[in-house]
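The amino acid sequence is not available; the structure is as follows:
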Ligand code: ADP
C-alpha cells in the first residue's frame with residue numbers, strides 16, 4: 001500500500017503517507033501490547049508450572065521406599081527434581097506456546113502468499129522437499145550426538161560431585177592429581193562429543209538456512225521478471241519478499257523445536273519413572289492405626305533378601321515382650337541391621353511375619369508404626385538447621401522445655417551450651433561441625449523427644465574415647481527405660497542390661513539366652529566375648 005497506493009501517487013491513499021504510517025504504527029502498538037500481555041501471562045505460567053512439577057516429583061519421591069533411594073545416585077535424583085522439571089517447563093510453556101504461534105504464522109503467511117500469487121508461492125516453496133529430506137536424514141544423527149553429549153556431561157557431573165563429596169578421602173590419600181586426571185578424561189570425552197555435535201549442527205543448519213533462503217532469491221528473480229512485464233507491482237513483490245522473510249523465523253524455530261522435543265521427552269521419561277514407581281513398602285487399604293502400643297514384638301520365622309534368590313535372613317524368630325531389651329550380636333554382615341530394618345518396615349519380609357501387639361506390621365498404618373518406633377542408628381544424619389530443630393525433628397511444634405529435657409537425658413545439654421549460639425547453633429551442610437560422639441548424643445536426644453514405645457538401637461561401630469562412651473552409655477541407659485528395645489551392639493558391654501541375647505550368624509539365629517547362659521556354652525557368643533575382651537585389652541595396652 002505504501003509503495004503502490006501512497007508513494008506512487010494514484011491510489012486510495014495518494015498523498016496521505018502520514019495516515020499510512022499512523023495505521024502501521026497502530027498495528028505495531030497493538031502487536032506490542034499483545035506481546036507484553038503474552039509475556040506477563042507466560043512469566044506467571046512458567047513459574048507456576050515449574051513449581052507444580054517440582055512439587056509433584058518431590059512428593060512422589062518421598063512416597064517411595066528406602067530401596068529406591070539405595071539403588072540410585074543422589075546427584076541423579078537431584079537432577080530429576082530440579083533440571084528435568086525445568087526442561088519440561090521450557091518445552092510445554094515456552095516451546096509449545098511458540099510452536100502454536102509459529103505454526104499459525106507459517107499457515108497464515110503461506111495462505112496470504114498463495115492468495116497474493118500462487119505461482120510465486122510455489123516457486124518459493126520449491127526447495128522445501130530438499131529441506132525435508134535433509135531434516136529426515138541428518139536429524140537422527142544429530143539426536144544421537146546430542147544424547148551422547150548428554151551422557152558425557154552426566155559422567156562429568158558425577159565425577160565433580162564424587163570428588164567434592166569425597167574430598168576428605170581424596171585429601172587423606174593425596175589423590176588430587178588422580179582426580180584431576182579422571183576429570184580431564186571425562187572432560188575430554190565431553191569436549192569431543194560437544195565438538196562432534198557442533199560440527200554436525202554447524203554444517204546442517206547453514207545448509208538448511210541456505211535452502212530456505214534460496215526460495216527468497218528465486219522470488220527476486222521471478223518477481224523482478226513479473227514487474228518488468230508489468231504483471232505485478234513493485235510493492236507487491238516487496239510485500240511478497242517481506243512475508244517470505246517472516247517465514248524464516250518460524251521455520252528456524254520448527255527446526256530447533258525438534259531438538260527441544262527430544263530433550264523434553266528424555267526428561268519426562270525420567271520424571272515418569274519416579275511418578276510411576278510403586279513403593280515396595282506400601283500401606284494396605286484399611287490399615288490399622290494403633291493409638292497406643294504396648295510394644296510386644298514377635299518376629300516369626302522371617303526370611304528376607306534384598307534381591308530375589310539372595311536370602312540374607314533365614315527363618316529368624318524372636319520375641320520381645322513389652323519393656324524387654326533384646327540384644328542382637330554377631331559378626332559383621334550377619335544380618336543384624338537387616339533384621340531391625342524389617343521391624344520398622346523399611347523393607348518388607350519375604351516370608352514369615354512380624355507382629356507388634358499381635359498385629360502384622362503389614363496391616364498397621366505406616367504413620368502409627370513410625371509414631372511408635374524410634375531408631376537410633378549408625379548413620380546419623382544431621383539436617384541443615386539449628387541444633388534445636390534437629391532435636392525436634394519428630395515434633396517440630398514441641399516446647400523448648402521438651403528439647404532441653406531431651407538434651408539433658410541424652411547427655412547432650414552440656415556440650416550444646418558450650419557452642420557459640422547454644423541451641424540456635426546452625427549445623428548441617430555449611431554449619432558448625434559436630435564430632436561423632438556429639439552427633440550420637442544428638443540422635444539420642446532426637447529419639448528421647450520422639451518418645452517411642454519400641455526402640456531400635458543400631459549402634460555405631462566407630463570407637464569413641466572412654467569418656468564419651470560412658471556418657472553415651474548413660475544416655476542410652478536412660479533412653480531404653482520403659483520401652484521395648486532391640487539393640488545391636490558391637491561393644492558387648494552395652495548389652496549388660498539386656499533381658500536376653502540373640503546371636504546371629506549368616507542370617508540365622510544360632511544361639512539365644514542370657515549372657516550367663518550363653519557364656520556357659522562353648523559357642524559363638526563366648527568366642528565373640530573373648531575376642532572383644534582381647535581387643536579391649538590391646539586398646540588399653542596401646543593407650544598405656
Ligand atoms: P550386620 O548389621 O550384621 O553387619 P547387615 O544386615 O548390614 O549385617 O548386612 C547383611 C548382608 O546384607 C550383608 O551381606 C550386606 O552386604 C547385605 N546388605 C545390606 N544392605 C543391603 C542393601 N541395601 N542391598 C543389598 N544388600 C545389602
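Noted; the coordinates are in hand. Bear in mind that the values here come from a model prediction, so they are computed numbers and not experimental data.

Residue of the stretch 351-500 of the chain closest to the ligand, please.
With CB to the nearest ligand atom, the shortest gap between the stretch 351-500 of the chain and the ligand falls at residue 488, namely 6.4 Å. Bear in mind the C-beta positions are built from the backbone N, C-alpha and C, glycine included.

what's around that residue, how many residues?
Counted with other CB atoms under 10 Å, residues neighbouring residue 488 total 24.

again with residue 363
14.

thought it was touching residue 288?
Yes - using CB atoms under 8 Å as the test, residue 363 is close enough to residue 288 to be in contact (5.3 Å).

Give me the pLDDT for the residue of the stretch 351-500 of the chain closest to the ligand.
Residue 488 carries a pLDDT value of 88.

so who does residue 241 touch?
By CB atoms under 8 Å, 6 or more residues apart in numbering, residue 241 lies in contact with 216, 219, 220, 223.

For the residue of the stretch 51-200 of the chain at minimum distance from the ligand, give its distance to residue 217.
When scored by CB to the nearest ligand atom, the stretch 51-200 of the chain has residue 70 as its residue closest to the ligand, at 4.6 Å. Using CB to CB, to the nearest Å, we find residue 70 at a distance of 62 Å from residue 217.

Likewise for residue 290?
81 Å.

What strand or helix carries residue 485?
Using DSSP states H and E, residue 485 sits in strand 484-488.

let me redo that: residue 300
strand 297-304.

Can you check what angle separates that strand from strand 484-488?
Going by axes from the mean of the first three to the mean of the last three CA atoms, to 10 degrees, strand 297-304 is angled at 40 degrees with respect to strand 484-488.

and the helix or strand just after strand 297-304, is it in reach of the ligand?
Later in the chain than strand 297-304, the nearest helix or strand by DSSP H and E is strand 313-320. No - contact of strand 313-320 with the ligand (CB under 6 Å from any ligand atom) is absent, the minimum separation being 8.2 Å.

So what touches strand 313-320?
Residues from elsewhere that reach strand 313-320 (CB under 8 Å, 6+ apart): 295-305, 326, 335, 338-339, 342, 352, 484-486, 502, 504, 506-509, 512.

State the mean pLDDT of stretch 333-342.
Throughout stretch 333-342, pLDDT has a mean value of 90.

Other residues contacting it?
Stretch 333-342 is contacted from outside by 66, 299, 302, 304, 306, 312-313, 316, 328-330, 347-349, 354, 375, 377-378, 456, 458, 486, 488, 504-507, using CB under 8 Å, 6+ apart.

Also stretch 182-196?
The contact list for stretch 182-196 (CB under 8 Å, 6+ apart) reads 145, 148, 149, 151, 152, 153, 155, 156, 159, 160, 163.

Give the helix, strand or coil label for residue 475.
helix (DSSP: H, G, I helix; E, B strand; the rest coil).

Pull the contacting residues for it.
By CB under 8 Å, 6+ apart, the residues touching residue 475 are 409, 410, 411, 412, 441, 444.

redo that, cut-off 6 Å
Residues in contact with residue 475 (CB atoms under 6 Å, 6 or more residues apart in numbering) are 410, 411, 441, 444.

Write out the residues of this structure neighbouring the ligand.
Going by CB under 6 Å from any ligand atom, the residues of the chain near the ligand are 70, 306, 312, 330, 332, 333, 334, 335, 336, 337, 338.

Report pLDDT for the residue lying closest to residue 290 once chain neighbours are set aside.
In this structure, residue 290 finds its nearest non-sequential neighbour in residue 368, 4.7 Å apart by CB to CB, 6 or more residues apart in numbering. pLDDT recorded at residue 368 is 86.

Residue 368 belongs to a strand?
No - checked against three-state DSSP, residue 368 lies outside a strand; its state is helix.

what packs against the strand or helix carrying residue 43?
Using DSSP H and E, residue 43 sits within helix 17-63. Helix 17-63 sits against helix 85-89, helix 234-276, with contacts defined as 3 or more CB pairs under 6 Å, 6 or more residues apart in numbering; DSSP states H and E.

so the following helix or strand past the first one versus helix 17-63, what angle?
Downstream of helix 85-89, the next assigned helix or strand under DSSP H and E is helix 96-116. Here the directions of helix 96-116 and helix 17-63 differ by 150 degrees (the same axes, to 10 degrees).

list the buried ones in the helix or strand just after helix 96-116?
Sequence-wise, the next helix or strand downstream of helix 96-116 (DSSP H and E) is helix 118-124. Within helix 118-124, the residues that count as buried by 16 or more other CB atoms under 10 Å are 120, 121, 123, 124.

repeat for stretch 507-523
507, 508, 509, 511, 512, 513, 515, 518.

What of stretch 344-355?
Quick answer for stretch 344-355 (16+ other CB under 10 Å): 344, 345, 346, 347, 349, 352, 354, 355.

Nearest to residue 18 among those residues?
Distance to residue 18, by CB to CB, is smallest for residue 346 among those, at 79.2 Å.
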